[in-house]
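# this is a predicted model, with the sequence first.
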Amino acid sequence: MQTLSAGWALARKDLRSFLRDRTALVLSILVPIALVTVFGWIMAYAFGGGSGGMPQVRLRVADLSQSKASQNFVEALQNADMLRVQKVDLSNYQLAVQDSVEEPDGSVSNPAQYDETGVMKSLEKMVTEGDAHHILVIQKDFADKIAKENLPELRMLRDPGRQMEDRVIQIGVMQASMGVFGGTVFSDAMGRILSDQGMDAQDISAIRGYMDQIGGTIESFYDNQAEDEQPSKEDTGKAADENKELKGKEEGSASTMDSMMEFMNQMVPMETKDLAPPDRGKRVTYQQAQSVAGMTVMMLLFALTSCGSVLLAEREEGTLKRLFAQPVSRNSILLGKFLFVFVVGLGQMVILFTYGELMFRVGLFRDPLTLIVLSVTWVMTGGAFGVFLAAISRSQKQAESLASLLILIMAALGGCWFPLQMMNLPIVLETVCKSTMTYWAMTGFQAMLWNQQDWLDDKILIALCWQWGWAVLLSFAALFFYRRNFCRG
Amino acid sequence: MLKIEELSYSYQDRQAVCGASFEVREGECLGLLGPNGAGKTTAISCMVGLLSAWQGAMSWHGEPFQPALQASDRGQLGFVPQEIALYANLTAEENLDLFGELNGLGKAERRKAVEKNLELAGLVDRQKDLVRTFSGGMQRRLNLAAGLMHSPSLVLLDEPTVGVDPQSRNHLFETLLQLKADGVSLLYTTHYMEEAQRLCDRIAIMHEGSVIAVGTPQELAEQSGEPESDLEEIFLKLTGRSLRDD
């Protein structure tokens, strides 16, 4: 038989065999479809806000002014393409419910009064604990300042480690400020400053004319800037030569942007307060903490499902039959698999975290107890998942295919690959993400690594409860399917 | 010793064992012979507790015997499955130690049992080697030794000599004869008639799920009406000459 015809005969044999293995056939179609769908969504929401436009960054806004002017400003922020604005509910801090009255000049008499100390304390806690990375505080005299043609002062509480988001937010806030304050507020403010310093009215009027012109130019510059931002980000995936060229442009653009931001920061007075947990290492970046946690959570799932499939290997090799004939209970055999997966998982956790710490110094061992609690919990949850997969699968091959499919999807949805905080997810998809066990594992590890929380803090406790819930559910399901698929006869 | 009465078992739509009755007596070797698909392995699976939904009755020294439900009942028996059911990445010693531990032997007892059974299997000099490095014959010998770790008084052997070279087969045979001499009862399934003739005191022939004849080879020959026939001829006469495909 010639080489080609022999090769074709063997290929036909493999094709027949492949087509007759219905599970493998379905999975070979289902896995890519499912992955393309999930990653398509995630990428779209990560880098295009779901609409393919600018990446959207979440900005919380605390409006202490509660005036028409502040509402206009919030609306302008909401209209900024790159921001996803969420108002902070301050009703708990309102001292007395009273009707505020807006005067014809735009100022507000009898404004809502808040326990400002309480509000600020609560907002700072939100940032420190990682519930928000940026909170813009609109001061209570916002409307008065606008009415008196003064520039209102804003206050930004931010996590200094979230630099990527910071830049986007600065652009968004400036865009909104330009729209709301308009050229006249800036020029009026400048005119008043110059008048106070003794300049005569004619000169001031001339300068204000220039100022209005400059304001218009700057406004159109930022409009163009927002449009230009999109292609420069998209082009990052192109060929290496184009990348080099673009990189040069981006560097130049970044430098110009920094200068402009500095200028605009003076024009839009904003007091910035950096809030980071005191123990967080200065060299740690959010991306590093995300990578170490994300990869550990995902890779451990792969390892644990692989260990769980030992049950199937034992069945295929005939040793399970022999174990069933021993004077030990069937449940103890399943327990043995759980314990095996658990010990291997813990060992892998230790190795991965030690390596992560040595490489990136992310402060993993700052709080050993929290690390242990989180690790044990995730190993239990992942182990239960691994044994469950083995219990529902007919063969090791099927278990491996199912594991690849489910783990990659859960990793993407749970935020192991990209932080979910930077995504503008619709509520349905957000709920789906939050229902995955990977999401809660990531939440716990991120709260420990980035926000330096310990295991008794609410956020970690909730994450632990969810994971234990999953662990218990999967363990019972694994027991049920084990008894049905392995022990029945 | 172990009495099986009217044992029946069905796999969904197929009746594998249908009212089979036989008894393994103290110190004897009972050969369970039958063509492929006769129900021998299913019957053994019911006896060692791998299958639970059987009908009929089993008794151990006159007491009800429920191996699928009672771990202690399973502990009475030694089981040597048809497959090489060993852990390839463990050493011979570790494999034996594991089965000793699962059968409730203490550390000192296990050490003694491991030594004894390694010697029985002729693997003392390979005790520290991984099983995956063993030949088929060595694995078969160890497979038998693993079923003897807790010194059971009855050992169920499901075709223990399949695929081994004559030397290992002979060694296995010698081992079984030694066990018999030590008073251990054996239930032995095989397709090799000369093995059954050499080893078994009595033979039970299974056909289509039922035991159609039980007795010594001589009694079976007499029952068949041809006293001069050998076991193979009797077997073919009782079970037919048509091919069995399952």
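Sure thing, it's come through.
# in contact with the nearest residue to A:Leu474 once chain neighbours are set aside, which residues?
Residue nearest to A:Leu474 in three dimensions, not counting chain neighbours: A:Ala384, with 3.8 Å by C-beta to C-beta, 6 or more residues apart in numbering or on different chains. Placement of C-beta: from N, CA and C, glycine included. A:Ala384 sits next to A:338, A:470-472, A:474-475, A:478 when contact means C-beta atoms under 8 Å, 6 or more residues apart in numbering or on different chains.
# need those in a markdown table (columns: distance to B:Val124).
Putting those into a markdown table (distance: C-beta to C-beta, whole Å) gives the following:
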| residue | distance to B:Val124 |
| --- | --- |
| A:Phe338 | 36 |
| A:Trp470 | 49 |
| A:Ala471 | 46 |
| A:Val472 | 48 |
| A:Leu474 | 45 |
| A:Ser475 | 43 |
| A:Ala478 | 41 |
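# now for those residues, which pair is the farthest apart?
Using C-beta to C-beta, the pair of the contacts of A:Ala384 lying farthest apart is A:Phe338 and A:Trp470, separated by 14.5 Å.
# ok, the two, which is more surrounded?
Taking other C-beta atoms under 10 Å in any protein chain shown, A:Phe338 and A:Trp470 do not tie; A:Trp470 has more neighbours (23 against 19).
# buried stuff in the helix or strand where the more buried one lies?
Taking DSSP states H and E as the definition, A:Trp470 sits inside helix A:458-485. Buried residues in helix A:458-485, defined by neighbour count with 16 or more other C-beta atoms under 10 Å in any protein chain shown: A:459-461, A:463-464, A:466-467, A:470-471, A:474-475, A:477-479, A:481-482, A:485.
# returning to what we had before: any idea which of the contacts of A:Ala384 is closest to chain B?
Distance to chain B across the contacts of A:Ala384 (C-beta to the nearest C-beta) is lowest for A:Phe338, with 17.1 Å.
# identify the residues contacting the closest one.
A:383-384, A:387, A:475.
# mind listing the helices for chain B?
Secondary structure of chain B (DSSP state H): helices at B:40-48, B:71-74, B:92-102, B:107-121, B:136-146, B:166-181, B:193-199, B:217-224, B:231-239.
# how about the most centrally placed residue in chain B, what does it touch?
Most central in chain B under C-alpha atoms, centre = their mean is B:Leu157, positioned 1.5 Å from the mean C-alpha point. Residues near B:Leu157 by C-beta under 8 Å, 6+ apart: B:80, B:144, B:147, B:176, B:186-189.
# TSV for those residues, including pLDDT, neighbour count and distance to chain A?
Shown next, in TSV, are the contacts of B:Leu157 (pLDDT from 0 to 100; neighbours: other C-beta atoms under 10 Å in any protein chain shown; distance: C-beta to the nearest C-beta, whole Å):
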residue	pLDDT	neighbour count	distance to chain A
B:Val80	95	26	9
B:Leu144	94	23	12
B:Gly147	95	23	8
B:Leu176	92	23	19
B:Leu186	95	24	16
B:Leu187	95	27	13
B:Tyr188	93	24	16
B:Thr189	92	23	15
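# what about stretch B:66-79, average pLDDT?
Mean pLDDT, computed over stretch B:66-79, is 92.
# end to end on it, go ahead and measure it.
End-to-end distance of stretch B:66-79 (C-alpha to C-alpha, to the nearest Å): 16 Å.
# which residues touch B:Lys40?
B:32-34, B:158, B:189, B:206.
# any quick PyMOL command for the buried ones out of these?
Restricted to buried positions by 16+ other C-beta under 10 Å, the PyMOL selection for these reads:
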select buried, chain B and resi 32+33+34+158+189+206
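# and of the contacts of B:Lys40, the nearest to chain A?
Among the contacts of B:Lys40, B:Asp158 lies closest to chain A (C-beta to the nearest C-beta), at 10.1 Å.
# correct me, but the closest one touches B:Thr189?
Yes - using C-beta atoms under 8 Å, B:Asp158 is in contact with B:Thr189, at 5.3 Å.
# joint contacts of those two?
B:40-41, B:44.
# switch these over to a markdown table; also include pLDDT.
Formatted as a markdown table, the shared contacts of B:Asp158 and B:Thr189 follow (pLDDT from 0 to 100):
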| residue | pLDDT |
| --- | --- |
| B:Lys40 | 91 |
| B:Thr41 | 91 |
| B:Ile44 | 94 |
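# could I get the pLDDT score of B:Lys3?
94.
# repeat that for A:Gly48.
For A:Gly48, the predicted pLDDT is 58.
# repeat that for B:Asn95.
Reading off the model, B:Asn95 has pLDDT 95.
# again, but for B:Arg169
86.
# isn't it up against B:Thr161?
Yes - with contacts counted by C-beta under 8 Å, B:Arg169 reaches B:Thr161, the gap being 4.9 Å.
# lovely, talk soon.
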